[in-house]
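Visitor: Here is the input, now give the coordinates:
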Amino acid sequence: MKAIIENQFIEALARAFPRSEKQLNALQQSDAEILKLSENGPWLAFTMDSIAEEIESGLYADPYLAGWMTVMVNASDLAAVGADPLGLLLNETLSASTDDRFLQDLQRGLADAAIAGGLPILGGDTNTANHTELSACAVGILPENRYLSRIGCQANELLYASGRLGAGNAFAFAQLQGLAPNGEFKPQPHFKQAKIIRQFATCCMDTSDGFIATVDQLMRLNRLGFDVWQPPETLLHPMALQIAAQFGVPKSAFLAGIHGEFELIFTIPPEKKTAFLQQADQIRWQPILLGEVSAHQGLRLNMAGRTIRPDTAFIRNLFDSRRGRIEQYIQEIIEYLTNLEKGA
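Guide: Alright, predicted model coming up:
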């Protein structure tokens with residue numbers, strides 16, 4: 001399979017780093033880092049993520065949303081490994097020109113998200129610079145001394161999503177076009193769902209970079225493929241369907257873009273389906289059955305009754321190869337997917 005620019009960059013950065021003998025996961029294998037503190041003690045999950053490009057580009061112009069997302073991008077990684085939240089360390093780098101209203105809304109977004117995710121803010125750091133950047137390190141515990149990784153699925157297992165897909169890319173498209181989307185983009189923590197997923201799933205990853213990037217990474221690590229048979233009307237979030245119809249954007253674009261919706265993608269053995277759904281029903285959660293794992297590498301999507309086979313490596317590499325030229329990236333991804341859906 002064609003190499004992924006982001007993966008190569010991460011591997012180059014980490015090549016010379018020392019590694020803890022207590023760490024259980026290898027590079028790229030899980031959404032959070034897993035440490036085994038002792039033979040009988042608990043396992044801990046650590047993750048760190050930042051909100052910088054999103055603020056600089058104007059995507060998160062709303063300070064409340066920037067604060068909310070700073071917590072949620074980290075909460076999503078913990079949920080993807082099946083961890084229960086312990087807390088969060090926060091870094092706020094703020095512009096010297098930050099006004100009181102911006103700061104109040106930002107802190108309110110951080111606090112509301114921390115409460116929603118059960119991630120108390122344990123401490124952190126503040127800095128002043130010419131830009132605003134927010135980052136956090138979240139910590140979780142794995143009470144059963146096991147974790148979910150991106151590796152482990154088998155052919156013929158069932159592919160699920162924790163919720164409908166495409167809301168993140170729909171929000172990004174609307175925001176960058178100066179439009180008002182029909183709905184609010186506000187990802188929620190998935191810790192309740194993760195407690196169930198960790199009992200049944202063979203692999204799991206969050207959609208922080210979009211659905212296609214997620215399944216491409218899982219395909220590479222497991223050397224398998226995915227057949228997604230659900231139609232767009234079942235698969236996609238209403239916000240994505242609305243914008244696709246209003247602006248003539250191919251529906252698959254909302255699966256392909258790089259701004260995810262922070263849902264969980266996971267695989268369940270068929271024989272565990274009934275027990276899994278029974279537990280999901282107890283918390284009034286309706287996971288979406290997307291399709292199944294295929295023995296043949298590659299992604300197959302059902303778009304308006306046609307099966308398309310997108311080049312997932314091309315899609316993942318396109319943004320990095322355009323070096324941040326967002327308008328060019330949007331134009332090219334829409335053109336590629338339009339032609340693909342039409343069979344051109």
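Visitor: Contact partners for Tyr64?
Guide: Applying C-beta atoms under 8 Å, 6 or more residues apart in numbering, we find Tyr64 in contact with 105-106, 108-109, 112. All C-beta spots, glycine's among them, are computed from the backbone N, C-alpha and C.
Visitor: That one and Asp281, how far apart?
Guide: Note on Tyr64: its distance to Asp281, by C-beta to C-beta, to the nearest Å, is 33 Å.
Visitor: Which helix or which strand is home to Tyr329?
Guide: Using DSSP states H and E, the element containing Tyr329 is helix 326-342.
Visitor: Ala136 reaches Leu90, doesn't it?
Guide: Yes. Between Ala136 and Leu90 there is a contact under C-beta atoms under 8 Å: 4.9 Å.
Visitor: The two: which is more packed in?
Guide: Ala136 (26 against 23; other C-beta atoms under 10 Å).
Visitor: Each with direction, which strands does the strand or helix carrying that one pair with?
Guide: For Ala136, the host element (DSSP H and E) is strand 133-142. Within its sheet, and counting by DSSP bridges, strand 133-142 is paired with strand 43-51 (antiparallel), strand 84-95 (antiparallel).
Visitor: Specify the stretch among those strands that is closest to Ser149.
Guide: Nearest to Ser149 among the strands paired with strand 133-142 is strand 43-51 (11.1 Å), distances taken as C-beta to C-beta.
Visitor: and the nearest residue to Leu90 once chain neighbours are set aside, which of the three is it?
Guide: Nearest non-adjacent residue to Leu90, counting by C-beta to C-beta, 6 or more residues apart in numbering: Gly124, 3.6 Å away. State at Gly124, reduced to three classes by DSSP: H, G, I helix; E, B strand; the rest coil: strand.
Visitor: Was I right to think Gly124 contacts Gly87?
Guide: No. Using C-beta under 8 Å, Gly124 is not in contact with Gly87, being 10.6 Å away.
Visitor: Comparing the two, which residue is more hemmed in?
Guide: Ranked by neighbour count (other C-beta under 10 Å), Gly124 and Gly87 place Gly87 first, with 16 against 13.
Visitor: did I read that right, Ala3 in a helix?
Guide: No. Counting by three-state DSSP, Ala3 is not found in a helix; it is coil.
Visitor: got a list of what it touches?
Guide: Contacts here follow C-beta under 8 Å, 6+ apart; on that basis Ala3 touches Ala313.
Visitor: how far away is it from Ser30?
Guide: From Ala3 across to Ser30, the span is 21 Å (C-beta to C-beta).
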